[in-house]
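K.L.:
here's my sequence, what's the structure:
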Amino acid sequence: MIDRRPAPLRSALAQLAAAACACALLAGCGTPARPLESSLTDMESLQLRSWISPQLRRNIDLLPVTGGQETSMWWGSRINAMTLNQTYQESLRRLGLMPDVPDTGRYQLQVEVLALAQPNVPVLPEVALSVRYTLTERAAGGGKVLYQRTLRTTQKAGIDDSLNPSEQLRIATESALRNNIADLIRELASLALPA
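P.N.:
Numbers count the residues shown, from 1 in each chain. Modelled structure (predicted):
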């Protein structure tokens, strides 16, 4: 069948169809970050574990992690409070830092997610994450601050990770959090702590 519409109208319709396809591709559902994929891997844990001082082993209680956000049903990849807490607990457990009995560690770790920057158009996205960490000695009236720092990590994801832009954004977000935790552990390992 021959299309008898004028050429400008055919061109406009073709552009509209292409734009609709692009929007459908980019407007996938929001995909929240997952705790196990955001946690340190077994390999990373094995490598980092050898750096950790004996004073930290089984001695860090994790306070409730703050700064989580729910993922929109339409777009994005956020890290909610439950995922954040599970991610940090799993990472600290794999490293042998959490005590066997909760609330008995010599130190307390406070974690606050300050910012999660993601692109509006997530084709080959780069995600930036800023987290403030505070490590204190446990004491009745408030312990001495041994470490306080804001760590910023970035991570890109691409076609090698997934063809779906929503999945690329989720993967970049999980990797940025995992890298941030690894940076924290490297810094804690270099602390000069009293015996």
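K.L.:
and the longest helix seen in the chain, which residues are buried?
P.N.:
In the chain, taking DSSP state H as the definition, the longest helix is helix 165-189. Of all the residues in helix 165-189, those buried under the rule 16 or more other Cβ atoms under 10 Å are 165-185, 188. Where you see a C-beta, it was placed from the backbone N, CA and C, and this is true even at glycine.
K.L.:
now do the helices in the chain.
P.N.:
Using DSSP H, the helices of the chain run over 7-26, 35-38, 42-49, 81-94, 165-189.
K.L.:
now do the same contact list for residue 179.
P.N.:
Neighbouring residues of residue 179 by Cβ atoms under 8 Å, 6 or more residues apart in numbering: 153, 155.
K.L.:
tell me the pLDDT at it?
P.N.:
At residue 179, the pLDDT value in this model is 95.
K.L.:
quick check: it vs residue 44, distance?
P.N.:
Distance of residue 179 to residue 44, computed by Cβ to Cβ, to the nearest Å: 10 Å.
K.L.:
ditto for residue 162
P.N.:
Between residue 162 and residue 44 the computed distance is 21 Å (Cβ to Cβ).
K.L.:
now for the chain, the helix or strand with the poorest mean pLDDT.
P.N.:
helix 7-26 (a mean of 49; mean pLDDT, DSSP states H and E).
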